[in-house]
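> no sequence on hand, only this structure:
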Ligand SMILES: NC(=O)c1ccc[n+]([C@@H]2O[C@H](COP(=O)([O-])OP(=O)(O)OC[C@H]3O[C@@H](n4cnc5c(N)ncnc54)[C@H](OP(=O)(O)O)[C@@H]3O)[C@@H](O)[C@H]2O)c1
């Protein structure tokens, strides 16, 4: 059966590379973006892959938007095999003296709470063997994180914990949930000095998704499929 994938933040960066890689593998892709009407690369891909790519409007901080996105996908398919929470934000230049509550809350909303609300709304489409990949970061690792990116690092640490709890709750219905560090990737977020091309990270993430089994649920992986320290 053709694997069916939904992901967020699909209009650029790692998300767009995941769409390209999934289409190259013959997947049916539901690509979530805040503004599909402005997502020119996704629109071009939809023209060349009309049977395999649908653009879905979704802002992960807006519950009504998440509900509408889940409905739009459910109107087309009763099942998803892979759900990738990829959308993320990374506010720069934080220091204790300049920390801003609104910035912190927004970062937690997009990076930690949003993924859970997406999973809640898409849960009816996830059946035995379905795989949830929450795109985290090595900066969310308590043993690895450095720097002073208070909001980003702690929001990814929260996402890691949420993933572990979710994995426990969904184990009995055999749905797999993992956190994934995608590598340091050349995107708007990763910057031009990053060593990894988005396509390389995307290939690794989809290889990992294909290999995941129930025994892997609740774990934190790198894009290469190795265990990442918490
Ligand atoms: N690049 C790296 O080196 C790196 C390293 C570790 C982890 N990550 C993680 O990998 C994921 C993808 O990162 P990236 O490098 O591809 O970032 P990016 O190029 O900055 O793209 C971020 C994506 O998230 C979307 N997004 C932001 N806020 C959103 C919201 N409220 N609702 C829905 N979508 C929203 C953006 O949409 P708009 O275009 O509409 O803003 C965009 O599609 C993120 O979770 C990031 O934390 C990246």
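Cool, the structure landed. Keep in mind that this is a model prediction, so the values were computed, not measured.
> make it CA atoms for all contacts and neighbour counts henceforth
OK.
> buried set for the longest helix along the chain?
In the chain, with assignment by DSSP state H, the single longest helix is helix 150-170. Taking 16 or more other CA atoms under 10 Å as the basis for neighbour counts, the residues of helix 150-170 that come out buried are 150-164, 166-167.
> mind pulling up the phi and psi values for residue 228?
Torsion angles at residue 228 (phi, psi; degrees, to the nearest 10) stand at phi -100, psi 140.
> surely it meets residue 222?
Yes - Residue 228 is in contact with residue 222 according to CA atoms under 8 Å; the separation is 5.8 Å.
> neighbour count winner among the two?
For residue 228 versus residue 222, neighbours defined as other CA atoms under 10 Å are more numerous around residue 222 (22 against 17).
> please enumerate the shared neighbours of residue 228 and residue 222.
Contact with both residue 228 and residue 222 is made by residues residue 181, according to CA atoms under 8 Å, 6 or more residues apart in numbering.
> helix/strand/coil for the residue of the chain positioned farthest from its centre?
Most distant residue from the mean C-alpha position of the chain: residue 97, 31.1 Å away (CA atoms, centre = their mean). Applying DSSP: H, G, I helix; E, B strand; the rest coil to residue 97 yields a three-state assignment of helix.
> how about it, what does it touch?
Contact criterion CA under 8 Å, 6+ apart gives no residues in contact with residue 97.
> could you check how far it is from the ligand?
Applying CA to the nearest ligand atom, to the nearest Å, one obtains 24 Å for the distance of residue 97 from the ligand.
> can you list the residues of the protein near the ligand?
For the chain, the residues in contact with the ligand (CA under 6 Å from any ligand atom) are 8-15, 33-34, 58-61, 86-89, 110, 135-137, 181-190.
> what's the separation between residue 143 and the ligand?
Distance, residue 143 to the ligand, using CA to the nearest ligand atom: 15 Å.
> wait, isn't that residue in contact with residue 228?
No - with contact taken as CA under 8 Å, residue 143 and residue 228 are classed as non-touching, separated by 10.2 Å.
> that's all I had, so thanks and see you.
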